[in-house]
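Colleague: attaching a predicted model along with its sequence, questions to come.
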Amino acid sequence: MTGSPTPEPSLDALAAAGFDLDTLSEEQLEVLRALTPRELSLLVDIKARLDEVAPEVRAHADVAGGALF
Amino acid sequence: MSVSASVELGAKLALATPVLGGATALLWRPDGLRERYLRYLGAMHSLVTASVPLLERAGARCAELDDPSARRLAAYYARHAEEERGHDDWLLEDLARAGSHPDPTPHGVVVELAGAQYYRIEHEHPSALLGYMAVLEGHAPPPRLADRLAATTGLPSGAFRTVREHAELDGGHLHDLYREFDALPLTAHQRAAVSVSALHTADLLTRLFLSLAADPGGSP
């Protein structure tokens, strides 16, 4: 008998937002499973901002990098 | 599984880092870069103007708290304030060498960035500033960016001191910050507040860079 998969609400929400979780370590996934609602909401918002400009970003990805002090 | 505070924060920020990288890709695109770089310098001057006062206020707030982390945190903030002191002047000098000047009206998102930290220091806990600092220190310019910007914009090399020198400085600063974060006896709630502060900062910085990237141009 196989049971239903354990619910993973945070990981499911991150995947639905378009984050690629397949490359993350189990340690990273464990941290993300314990995200608070506020943290999860901020991450989803951040991802949505990039999605709005994704085609332009792909066109200029060679100059990506930090810019902060 | 129990992970250190810095590993926990790093795992969360790892999801935000590609987004910030994407926003900076648009910021540094070649077309219109000269004008955009000047607007970027103006925004960074406004932001960096708040760095030392934020650190000093957070240190002073620590002194008001009966909290096991406060003494060590205050000492760290005092040390870091000395490391950051004068960097706003570097940006003024870069602007002057580029033939420009600071904008007397700070970008609205810069006000949100610094203002959110003042709120957290006063009404949440001064350790929340660590999240803001982790994002800034963790996204330093790559080593060859200054030369690339100089070549594309045609501006004099002296207009890129801040970008050039922070490529060398900030790696060590982030290491120091994570070491302090791991050593502080913060509660789970305070650790979460640092994470929220960091993710909020990453979100606002993405907005700032996309705003600067979308600006159609003209005199900064």
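Modeller: Looks like it came in fine. Residues are numbered from 1 along each chain as shown, chains lettered A, B, ... in the order given.
Colleague: now the helices for chain B?
Modeller: B:5-27, B:33-49, B:51-64, B:70-84, B:87-97, B:108-123, B:129-137, B:145-153, B:161-183, B:188-214 (DSSP state H).
Colleague: tell me the first helix or strand C-terminal of the longest helix anywhere in chain A.
Modeller: Taking DSSP H as the criterion, chain A has its longest helix at helix A:37-52. Following helix A:37-52 in sequence order, the next helix or strand is helix A:54-59 (DSSP states H and E).
Colleague: now do that following helix, average pLDDT.
Modeller: Taken as a whole, helix A:54-59 has a mean pLDDT of 75.
Colleague: do any residues in it lie close to chain B?
Modeller: Yes: using CB under 8 Å from any CB of the partner chain, helix A:54-59 comes into contact with chain B via A:54, A:56-57, A:59. In short, each C-beta sits where N, CA and C put it, glycine included.
Colleague: report the distance from that helix to the chain centre.
Modeller: Centroid separation for helix A:54-59 versus its chain: 18 Å, with CA atoms, centre = their mean, to the nearest Å.
Colleague: before we move on, what about stretch B:75-86?
Modeller: 14 Å.
Colleague: ditto for stretch B:19-34
Modeller: In terms of CA atoms, centre = their mean, the centre of stretch B:19-34 is found 17 Å from the chain centre.
Colleague: cool, and stretch B:60-71?
Modeller: Remark: stretch B:60-71 is offset 23 Å from the chain centroid, using CA atoms, centre = their mean.
Colleague: contacts for that stretch, please.
Modeller: Applying CB atoms under 8 Å, 6 or more residues apart in numbering or on different chains, the contact partners of stretch B:60-71 are B:73-74, B:77, B:121-122, B:125-127, B:184-186, B:190.
Colleague: can you list these in CSV and add pLDDT?
Modeller: What follows is the contacts of stretch B:60-71, written out as CSV (pLDDT from 0 to 100):
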residue, pLDDT
B:73, 97
B:74, 96
B:77, 97
B:121, 98
B:122, 97
B:125, 96
B:126, 97
B:127, 98
B:184, 96
B:185, 95
B:186, 95
B:190, 95
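Colleague: how many other residues sit next to the residue nearest to residue B:129 when sequence neighbours are not counted?
Modeller: Closest residue to residue B:129 apart from its sequence neighbours, by CB to CB, 6 or more residues apart in numbering or on different chains: residue B:58 at 4.7 Å. Look at residue B:58: counted by other CB atoms under 10 Å in any protein chain shown, it has 29 neighbours.
Colleague: what's near enough to touch residue B:91?
Modeller: Residue B:91 is in contact with B:41, B:44-45, B:48, B:102, B:162, counting by CB under 8 Å, 6+ apart.
Colleague: low-confidence ranges in chain A?
Modeller: Chain A contains residues with pLDDT under 70 at A:1-5, A:61-66, A:69.
Colleague: flag every residue of it that's near chain B.
Modeller: Within chain A, the positions adjacent to chain B are A:14, A:19, A:24, A:26-28, A:30-32, A:35-36, A:38-39, A:42-43, A:45-47, A:49-50, A:53-54, A:56-57, A:59-69 by CB under 8 Å from any CB.
Colleague: shouldn't residue B:196 be in contact with residue A:40?
Modeller: No: contact criterion CB atoms under 8 Å: residue B:196 and residue A:40 do not qualify, at 10.6 Å.
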